[in-house]
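Peer 1: Return atomic coordinates for the entry below.
(one chain, ligands or ions: 4)
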Amino acid sequence: KSHSIPGFCGVGYGDSECGIGSSSSKLLIKGGTVVNAHHQEIADVYVEDGIIVSVQPNIMVGDDVTVLDATGKYIMPGGIDPHTHLAMEFMGTETIDDFFSGQAAALAGGTTMHIDFVIPVNGSLTAGYESYTQKAKKSCMDYGFHMAVTKWDEVVARDMEIMVKDKGINSFKFFLAYKGSLMINDELLLEAFKKCKSLGALAMVHAENGDAVAEGQKRMIELGITGPEGHPLSRPPVLEGEATARAIRLAGFINTPLYIVHVMSIDAMEEIAKAQKLGQKVIGEPVTSGLVLDDSKLWDPDFTTAAKYVMSPPIRKLGHGKALQAALSTGVLQLVGTDHCTFNSTQKAFGIDDFRKIPNGVNGIEERMHVVWDLMVESGQISVTDYVRITSAECARIFNIYPRKGAILAGSDADIIILNPNSSVEISAKSHHSRTDTNVYEGLKMKGKVEVTIAGGRVVWENDELKVIPGSGRYIKMSPFNYLFSGISKADAAYLSSLKAPVRRFRDQS
Ligand code: URP
Ligand code: ZN
Ligand code: ZN
Ligand code: ZN
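Peer 2: Ligands and ions are numbered 1, 2, ... in the order given. Okay, here's the model as predicted:
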């Protein structure tokens, strides 16, 4: 029997001939090395009804349990991708991967949860939330939401509160770029930071100076540079460094934690490192493309090839990626996202005569776990436990869902991968599971292979075949006041008393 989508078993479409996975809700993973963010040991993992029941050596079970042998392999928490855009309307079109195809791709690559950005509808958060709730109904894995804030008034402020208190959203993204569409100014950013702080919600920033980007774009067009190479040339690292520094300083001024999304340059990374050294709570998220690629492909004479690499902030010159890897290995950057935001070649061609019209975004949801393993673990830059931390556990901690997610512990959700360090994968658009027709990681050979993915206690990826069910993914509510907020009120009190002392002295003198 043939499959409409390569590698898809498609049980959700009434085809269940593959015999992979199991209708049994009991699973035993035997003999592997169980890896958590702080510890690894050889142990078995027993799962029942979607929950990890027990993690210990030599678990004995009856014949009603499906047994998976993981000898010589790693048993790890499924990846959590903190940064995706599925079914997003952007730059006059909509991303080609929706909540089903994007998640299916994720599962094939060992990611079992993602957090997607709800984009408001005409500035309305509640309308945006409703829209994304509909889009996400076809989900085949667990997901959560961040929410973008693109304008400011009393209604938006009230809706932020509703989102945090009733809807399970604990983070908001602010765009300092995309002038004329998503961009906000500093006045709004300050109001929003204050609101985030009072709600215990994490502020996230897309850090590029949108006014300067517009100026850079004008410059390129005046010079007659209209091809994809105009994209990186128009928005150099200095504009990312400036916006990162500004967002950090304003968050410091309000005294609220900050999360910088898609850190692409040394310039931005160094601003984060500097603030951290001064004690500020700043999280830095590099993305797969920024870690492993460089901007050379944007000069490819073939438009389709070059345009597939267009994302913002741009993929930087050789050297930035290596520095971002180092920052990840030393803890300056804490977790890896993808910014998965796919447009096919036809969509990318909207900008054939003008790079400003190329929809921004690259793939990565399926590739992240493999790329990070090869780049960081195989290269010897980080340990296997660190791998779990930067691909899963730290994301769960930051968004307050640890240890339900991000850990192989009794009581945690059974979102589990089995990775074979002695196998490998070659990335190609021919074999990937995303709907897009190109892949920015085309041809990369990565050591280490996710051989089995278990999501919600079900084997969904095994023997290179997916067995996914639309509608089986659950919305994961995330509560406010993560660990980054723990010292905030004490620090505020100390700041206030430090202000009162000189004021009193001044009064006494006059
Ligand atoms: O190019 C990008 N990054 N597209 C997605 C939107 C965003 O800025 O995250
Ligand atoms: Zn099949
Ligand atoms: Zn962004
Ligand atoms: Zn993004």
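Peer 1: quick one, longest helix in this protein?
Peer 2: If you go by DSSP state H, the chain has its longest helix at helix 488-509.
Peer 1: Now that helix: average pLDDT?
Peer 2: Helix 488-509 shows a mean pLDDT of 85.
Peer 1: likewise stretch 415-433?
Peer 2: Averaged over stretch 415-433, pLDDT sits at 98.
Peer 1: same thing with stretch 206-215?
Peer 2: Taken as a whole, stretch 206-215 has a mean pLDDT of 98.
Peer 1: rewinding a little: what does the longest helix of the chain contact?
Peer 2: By Cβ atoms under 8 Å, 6 or more residues apart in numbering, the surrounding residues in contact with helix 488-509 are 197, 255, 256, 257. (Glycine included, C-beta is placed from N, CA and C.)
Peer 1: Is the third one located within a strand, as I assumed?
Peer 2: The reference is to residue 256. No. Residue 256: not assigned to a strand; according to DSSP: H, G, I helix; E, B strand; the rest coil it is coil.
Peer 1: Give me every residue in the stretch 251-400 of the chain lying close to ligand 1.
Peer 2: 262, 311, 312, 339, 341, 360, 361 (Cβ under 6 Å from any ligand atom).
Peer 1: For the first one, give me its contacts.
Peer 2: With contacts taken as Cβ under 8 Å, 6+ apart, residue 262 has the following neighbours: 83, 206, 285, 286, 287, 290, 311, 313, 337, 339.
Peer 1: and the nearest residue in space to residue 184 that is not next to it in sequence, how many neighbours does it have?
Peer 2: The spatial neighbour of residue 184 that comes closest, neighbours along the chain excluded (Cβ to Cβ, 6 or more residues apart in numbering), is residue 174 at 5.6 Å. By the criterion of other Cβ atoms under 10 Å, residue 174 has 23 neighbours.
Peer 1: Does residue 174 touch residue 192 like I think?
Peer 2: Yes. Residue 174 is within contact range of residue 192, at 5.9 Å (criterion: Cβ atoms under 8 Å).
Peer 1: where do the helices sit along the stretch 1-150 of the chain?
Peer 2: Assigned by DSSP state H, counting those that start in this stretch, the helices in the stretch 1-150 of the chain fall at 101-108, 125-135.
Peer 1: Any buried residues in the longest one, and which?
Peer 2: Along helix 125-135, the positions that meet the burial threshold by neighbour count (16 or more other Cβ atoms under 10 Å) are 125, 126, 128, 129, 131, 132, 135.
Peer 1: What lies in contact with that helix?
Peer 2: For helix 125-135, contacts defined as Cβ under 8 Å, 6+ apart pick out 86-87, 98-99, 116, 118-121, 145, 147-149, 156, 159-160, 162-163, 167, 169, 475.
Peer 1: Just the buried subset of the residues you listed, please.
Peer 2: Neighbour counting by 16+ other Cβ under 10 Å classes 86-87, 98-99, 116, 118-120, 145, 147-149, 156, 159-160, 163, 167, 169, 475 among these as buried.
Peer 1: what sits against residue 270?
Peer 2: Contacts of residue 270 by Cβ under 8 Å, 6+ apart are residue 241.
Peer 1: right, I mislabeled it, should have said residue 243
Peer 2: With contact taken as Cβ under 8 Å, 6+ apart, residue 243 is in contact with 176, 177, 205, 207, 208, 209.
Peer 1: That one and residue 501, how far apart?
Peer 2: For residue 243, the distance to residue 501 (Cβ to Cβ, to the nearest Å) stands at 35 Å.
Peer 1: Ok, residue 133 next?
Peer 2: Using Cβ to Cβ, one gets 50 Å for the distance from residue 133 to residue 501.
Peer 1: and if you look at residue 312?
Peer 2: For residue 312 relative to residue 501 (Cβ to Cβ), the value is 45 Å.
Peer 1: How about residue 72?
Peer 2: Separation of residue 72 from residue 501 (Cβ to Cβ): 63 Å.
Peer 1: now swap in residue 339 and tell me
Peer 2: Look at residue 339 and residue 501: by Cβ to Cβ, they are 46 Å apart.
Peer 1: residue in the stretch 201-350 of the chain nearest to ligand 2?
Peer 2: Residue nearest to ligand 2 within the stretch 201-350 of the chain (Cβ to the ion): residue 342, separated by 24.1 Å.
Peer 1: Tell me how many other residues crowd the residue in the stretch 401-510 of the chain positioned nearest to ligand 2.
Peer 2: The minimum distance from the stretch 401-510 of the chain to ligand 2, using Cβ to the ion, falls at residue 465 (6.1 Å). Around residue 465 there are 18 other residues, counting by other Cβ under 10 Å.
Peer 1: what's the answer for residue 301, then?
Peer 2: When neighbours are counted by other Cβ under 10 Å, residue 301 registers 7.
Peer 1: Tell me the bridge partners for the closest residue to residue 81 other than its chain neighbours.
Peer 2: Leaving aside its sequence neighbours, residue 81 sits nearest to residue 114 (Cβ to Cβ, 6+ apart; 4.1 Å). On the basis of DSSP bridges, residue 114 is bridged to residue 81, residue 143.
Peer 1: What residues does residue 114 make contact with?
Peer 2: Contacts of residue 114 (Cβ under 8 Å, 6+ apart): 80-82, 84, 86, 102-103, 106, 141, 143-144, 340, 365.
Peer 1: any idea which of the residues you listed has the most stuff around it?
Peer 2: residue 106 (36 neighbours).
Peer 1: ok so, going back, can I get the helices of the stretch 1-150 of the chain in TSV including mean pLDDT?
Peer 2: As requested, these are exported to TSV (pLDDT from 0 to 100):
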stretch	mean pLDDT
helix 101-108	98
helix 125-135	98
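Peer 1: With distance to ligand 1 added, can I get those in TSV?
Peer 2: Supplementary listing: these in TSV, determined by distance: least, Cβ to the nearest ligand atom, whole Å:
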stretch	distance to ligand 1
helix 101-108	13
helix 125-135	15
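Peer 1: Looking at those helices, which is nearest to residue 33?
Peer 2: Closest approach to residue 33 among those (Cβ to Cβ): helix 101-108, 21.9 Å.
Peer 1: closest point of the stretch 351-500 of the chain to ligand 1, which residue?
Peer 2: Closest residue of the stretch 351-500 of the chain to ligand 1, Cβ to the nearest ligand atom: residue 360 (3.2 Å).
Peer 1: Sorry, wrong one. I was asking about the stretch 151-300 of the chain.
Peer 2: Closest residue of the stretch 151-300 of the chain to ligand 1, Cβ to the nearest ligand atom: residue 206 (4.9 Å).
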